[in-house]
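>>> Next one to model:
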Amino acid sequence: MAPHPDLIDEQAHIDHAYACLQATREAAARLTSMVEVGRGGTEQARFEREVIQETVVNRLTQLQLGDAALCFGRIDRAAEGPDAETESFHIGRIAVSDENQDPVIVDWRAPVAEPFYRATGRQPMGLSRRRHFATRGRKLLAIEDELFGDTLASLGTPVGDAKPTISGQGALFSALEESRTGRLGDIVATIQGEQDEIIRAPLPGVLVVQGGPGTGKTVVALHRAAYLLYTHRFPLEGQGVLVIGPNRLFLGYIEQVLPSLGEAGVELAVLGDLVPDVSIRAYDRGLAARVKGDPRMVRMLARAARDRERPLRSDLVIGYGLQRLTLTRERSAAIIADARRRYRRHNPARKYVENELFAELALSGRGEIAASEVRERLRHHPDVREALEWMWPVLTPPQFLHDLFGARGLLRNAARGLLSDAEWAALHRERSEELGQVPWTHDDAPLLDEARYLLGPKPRRRRQGETNLEDEIRTYGHIVVDEAQDLSPMQLRMLERRSLNGSMTVVGDIAQATGQWAHGSWEEILDLLPTKRPPHRTELTLGYRLPAPIMALASRVLRHAAPEISPPRSVREDGAEPRIIRAAMGQLAAEVARTALAEREAVDPGQVAVICPPSRIDAVCDALEDAGIAFGRATRNGLEHRVTVVEVGLVKGLEVDAAIVVEPSLMVDEESQGDRALYVALTRATKRLAVVHEAPLPRSLLP
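Take a look at the predicted model:
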């Protein structure tokens, strides 16, 4: 095939853009010498230097592209008058200008770039041509043109026939066929129309995006975060943008997307990261996980906090010189009642309880005794300290939950009338000798957060005007939540508390809801999110990752897992047929190893995921090791190896070139949402899928 006639000219423009980018980098670096401050410099001069250096660092960060293509296309605007000239704009990852500040590359998020993603044959949005570039580094390899309107009609093609389903089909399919690297890549060069509508949706309110496997919902949500920061730099840069993922494996998988788009300041986290002062390392299973996510826990924790606000069991009598000071049980009950009435949160009321206790002791003495004097002399007395700790202890969230979960009596009292005996008993765990040894779980995170809200900050002395930000729950101007269909009501409550103004992008797939709190509809989730504005809902309908043969097999399971959900329509009609391999009795792991070797060679240099039920992880790893196959375990190595063994519960959101699904009947039996977990496992591959089983296939997988 002859090269495109404009290839040389477009390569020259790209070379010029890189030269301008380098000049911009050098100019930014020179800013550091604008303000020089010696040891005797003024406070103002030092402040100016720090501001400039911070600006330079941010700008240089935005200008670092690595191996990502700077420019990936061009749009030509049709001339609107007899003397008008066609306007051309090259679209790229970041904006680049020449020495005269004329645009060389337009940022993909700029309004003028919108037609690059949204124009169709029926709605050309003023375009006469859209051009997609295929590049490798700085080298332009090929050009793909789409023509619109009069330009297309001049070639004899009716305009009505020119409505492309896929924009830049060649560039898109080329990107889809590339081998996976263990890191999610951006799609900035191949964003499709329905994806762009979501990315550029208005900021306010909650936007819900339903998307089946392979529709790109995760990467669309990340591009939306980058777009919102570009469009609403003020105030979002100061308010912060938070991205919440389901687990750390997933965060490692997506961590390069936003930096590749020039946005390195977005915070990526799992919910446990938002809870200070604890190390969360484990997961709850079964009833414990279900109960910890239940909204009844709000009332139970409030009651448990109230149970720690108690009148004395007997009068407090303290020697004070030649007399004895007394706080009666009845007066202690009145102090507790007053503190509850005056204060909404627990810890801030401690100072009031202390003051009242010393005031009552002073009043009980003969003559006039100052409460301040009594405080000074008795505040370290062991009986006084014991009384205060009984009446109104200062508690941290870890202390509070550790005490509660470690004492059946406290659990029983707090749960009375709210939880069944089996439910509150599932929360009990043996006390640890030290708080640092407590095995906190991911399902504890929203309970610790609720406790933090209930208890409030610990009383402490502060200098005038000083605030302690650690005491406050951090809020964000926009929150992106991925795999939201699995979040419990308590986890959603935790996110709602962190939303500054109700602006959120919530993405997921109801059909892939596999957790203990798998929701059956988005209405259930929206009821637990901010309601300052009416929510907006949209759906991604085109599947890009899965070839049609793989999607057809997965759709069998979908009909059982979520019959009300329609599968996405795959844009890739061709592809290898999935293989279903029956292993001989006792040879399951060995057969998996043989299949892994074959799949690794078939997708070389791509990646293979061996997706297992938890009970088969160790056996499969042993077989791979015996076969001499280099592999990694997702929980230890992420997706760094070409062959990775992944537990089915952690595979959601990931994509690989080839997937091997091991013993699907066990996945169905062992997971709380078995058919949905199997559906997730079957929809991870971009090229090849193999199902290896020893037991009979589950009913959902049969034709």
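
>>> who touches the residue nearest the centre of the chain in this structure?
By Cα atoms, centre = their mean, the chain has its centre lying nearest to residue 244, at 2.0 Å. Going by Cβ atoms under 8 Å, 6 or more residues apart in numbering, residue 244 touches 269, 270, 271, 479, 480, 481, 482, 495. C-beta: built from backbone N, CA, C; applies to glycine.

>>> Could you export those residues as JSON lines, including distance to residue 222 and neighbour count?
Below are the contacts of residue 244 laid out as JSON lines (distance: Cβ to Cβ, whole Å; neighbours: other Cβ atoms under 10 Å):
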{"residue": "269", "distance to residue 222": "14", "neighbour count": "13"}
{"residue": "270", "distance to residue 222": "16", "neighbour count": "17"}
{"residue": "271", "distance to residue 222": "18", "neighbour count": "23"}
{"residue": "479", "distance to residue 222": "13", "neighbour count": "26"}
{"residue": "480", "distance to residue 222": "7", "neighbour count": "24"}
{"residue": "481", "distance to residue 222": "12", "neighbour count": "25"}
{"residue": "482", "distance to residue 222": "9", "neighbour count": "23"}
{"residue": "495", "distance to residue 222": "17", "neighbour count": "24"}
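
>>> quick one: which of the residues you listed sit in strands?
Assignment to strands by DSSP state E places the following of the contacts of residue 244 there: 269, 479, 480, 481.

>>> so the third one bridges to which residues?
It refers to residue 480. Beta-bridge pairing of residue 480 under DSSP bridges involves residue 243, residue 505.

>>> Wait, it touches residue 243, no?
Yes - assessed by Cβ atoms under 8 Å, residue 480 is found in contact with residue 243 at 4.5 Å.

>>> Touching both of those two, which residues are there?
Common neighbours of residue 480 and residue 243 (criterion: Cβ under 8 Å, 6+ apart): 221, 222, 225.

>>> Where neighbours are concerned, which of these has the most?
Tallying neighbours with other Cβ atoms under 10 Å puts residue 222 at the head of these, with 28 neighbours.

>>> Burial check on residue 421, number of neighbours?
Look at residue 421: counted by other Cβ under 10 Å, it has 9 neighbours.

>>> now do residue 228
Neighbours of residue 228 (other Cβ under 10 Å): 25.

>>> does it sit in a helix, a strand or a coil?
helix (DSSP: H, G, I helix; E, B strand; the rest coil).

>>> quick thing: my sequence starts at 22, can you match it?
All right, first residue 22 from here; so that's residue 249.

>>> from the shared contacts of residue 501 and residue 264, which single one is nearest residue 197?
residue 243 (17.7 Å; Cβ to Cβ).

>>> Point out where the chain drops to low pLDDT.
Residues of the chain that meet the criterion pLDDT under 70 lie in 22, 52-85, 87, 102-105, 171-186, 482-492.

>>> where do the strands sit along the stretch 122-271 of the chain?
In the stretch 122-271 of the chain, the strands defined using DSSP state E, counting those that start in this stretch lie at 124-128, 148-157, 160-168, 227-232, 262-265.

>>> In CSV: those, plus distance to residue 592.
Converted to CSV, the strands of the stretch 122-271 of the chain look like this (distance: least, Cβ to Cβ, whole Å):
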stretch, distance to residue 592
strand 124-128, 27
strand 148-157, 16
strand 160-168, 16
strand 227-232, 14
strand 262-265, 27
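
>>> so which of these gets nearest residue 616?
Nearest to residue 616, of the strands of the stretch 122-271 of the chain and by Cβ to Cβ, is strand 227-232 at 29.6 Å.

>>> now for that closest one, which elements pack on it?
Helices and strands touching strand 227-232, by 3 or more Cβ pairs under 8 Å, 6 or more residues apart in numbering; DSSP states H and E, are helix 238-252, strand 525-529, helix 543-547, strand 557-561.

>>> out of the ones you listed, deepest packed?
Mean neighbours per residue, mean count of other Cβ atoms under 10 Å, is largest over the helices and strands packed on strand 227-232 for strand 525-529, with a mean of 27.

>>> any idea of the angle that strand forms with strand 227-232?
If you take axes from the mean of the first three to the mean of the last three Cα atoms, to 10 degrees, strand 525-529 sits at 20 degrees to strand 227-232.

>>> Which strands or helices does strand 525-529 pack on?
Secondary-structure packing of strand 525-529 (3+ Cβ pairs under 8 Å, 6+ apart): strand 227-232, helix 238-252, strand 499-502.

>>> Export those as a markdown table, with columns for distance to residue 465.
Formatted as a markdown table, these follow (distance: least, Cβ to Cβ, whole Å):
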| stretch | distance to residue 465 |
| --- | --- |
| strand 227-232 | 26 |
| helix 238-252 | 26 |
| strand 499-502 | 19 |
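
>>> for those, which one sits closest to residue 303?
Proximity to residue 303, assessed across the helices and strands packed on strand 525-529 by Cβ to Cβ, is greatest for strand 499-502 (22.4 Å).

>>> what about residue 577, neighbour count?
Counted with other Cβ under 10 Å, the neighbours of residue 577 add up to 17.

>>> Contact partners for it?
721, 722, 723, 724.

>>> Between the two ends of stretch 148-164, how far is it?
End-to-end span of stretch 148-164 (Cα to Cα, to the nearest Å): 17 Å.

>>> Tell me how far it lies from the chain's centre.
From the chain centre to the centre of stretch 148-164 is a distance of 32 Å (Cα atoms, centre = their mean, to the nearest Å).

>>> who touches it?
Here stretch 148-164 has contacts from 24-25, 27-28, 31-32, 35-36, 39, 88, 90-100, 107, 136-137, 140, 165-172, 188-189, 191-192, 195, 210-211, using Cβ under 8 Å, 6+ apart.

>>> again with stretch 397-413
So stretch 397-413 is in contact with 329-334, 337, 339, 341, 346, 348, 353, 356-357, 360, 367, 370-371, 374-375, 378-379, 382, going by Cβ under 8 Å, 6+ apart.

>>> What subset of those residues is buried?
Among those, the ones that count as buried by 16 or more other Cβ atoms under 10 Å are 329-330, 332-333, 337, 339, 341, 346, 348, 353, 356-357, 360, 367, 370-371, 374-375, 378-379, 382.

>>> Show me the domain layout of this protein.
What the record gives for the chain is the domain set 25-209, 223-290+490-562, 330-410, 567-720, from the TED database.

>>> Same list (those) but as JSON lines, adding distance to residue 417.
Listed next are these as JSON lines, based on distance: least, Cβ to Cβ, whole Å:
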{"stretch": "domain 25-209", "distance to residue 417": "34"}
{"stretch": "domain 223-290+490-562", "distance to residue 417": "11"}
{"stretch": "domain 330-410", "distance to residue 417": "9"}
{"stretch": "domain 567-720", "distance to residue 417": "30"}
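
>>> Out of these, which is closest to residue 455?
Nearest to residue 455, of the domains of the chain and by Cβ to Cβ, is domain 330-410 at 18.7 Å.

>>> so how far does that closest one reach from one end to the other?
End-to-end distance of domain 330-410 (Cα to Cα): 9 Å.

>>> With stretch 452-464 instead?
End residues of stretch 452-464 are separated by 18 Å (Cα to Cα).

>>> Also stretch 386-402?
End-to-end distance of stretch 386-402 (Cα to Cα): 17 Å.

>>> Equivalent analysis for stretch 526-541, please.
Terminal residues of stretch 526-541 lie 19 Å apart, using Cα to Cα.

>>> Nice, that's everything, thank you.
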